[in-house]
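Peer 1: with the sequence up front, the predicted model follows.
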Amino acid sequence: MSKSILLICGSGASSGFMAANMRKAVKKEGLDYKIKARSESELGDYADDIDALMVGPHLKAEFEGIKKQVPDNVKVILMHADYYSILDGKGAIEHLQKELGE
């Protein structure tokens, strides 16, 4: 079953690069994840259509508020700076799978 994953950061730029690298990793692993990146301000437009939300580590201070903007069934994950800072898509996918219990 396909999972829809949304990444957000402040402007959408760094999460856009991260999403591209995650899509490459997903393709290599043969996973059925649809990965998009948007700015934090666009979250409301997408919150009802996603299975998981990955939040850039620089938004840690807003994390609790961000969680309140999505439905309860959406898994909200704060990305780790260690893989985010180097745009390691494989590391992000591994974190996502662990959080989703897959």
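Peer 2: Right, received. Where do you want to start?
Peer 1: buried set for the longest helix seen in the chain?
Peer 2: The residue-count maximum for a helix in the chain (DSSP state H) belongs to helix 13-29. In terms of neighbour count (16 or more other Cβ atoms under 10 Å), helix 13-29 has its buried residues at 14-15, 18-19, 21-23, 25-26. All C-beta spots, glycine's among them, are computed from the backbone N, C-alpha and C.
Peer 1: tell me how far it lies from the chain's centre.
Peer 2: Helix 13-29 has its C-alpha centroid displaced from the chain centroid by 10 Å (Cα atoms, centre = their mean, to the nearest Å).
Peer 1: next one: stretch 6-14
Peer 2: 9 Å.
Peer 1: would you mind writing the CA trace of that stretch as PDB?
Peer 2: Written as PDB, here are the backbone C-alpha positions of stretch 6-14 (Å, rounded to 0.1, in the frame of the first residue of the first chain):
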ATOM      1  CA  LEU A   6       5.200  15.200   3.300                       C
ATOM      2  CA  LEU A   7       8.400  17.000   4.300                       C
ATOM      3  CA  ILE A   8       8.300  20.500   5.600                       C
ATOM      4  CA  CYS A   9      10.900  23.100   6.400                       C
ATOM      5  CA  GLY A  10      10.800  26.900   6.700                       C
ATOM      6  CA  SER A  11      10.700  27.800   3.000                       C
ATOM      7  CA  GLY A  12      10.500  24.400   1.300                       C
ATOM      8  CA  ALA A  13      14.000  24.700  -0.300                       C
ATOM      9  CA  SER A  14      16.100  22.300   1.900                       C
END
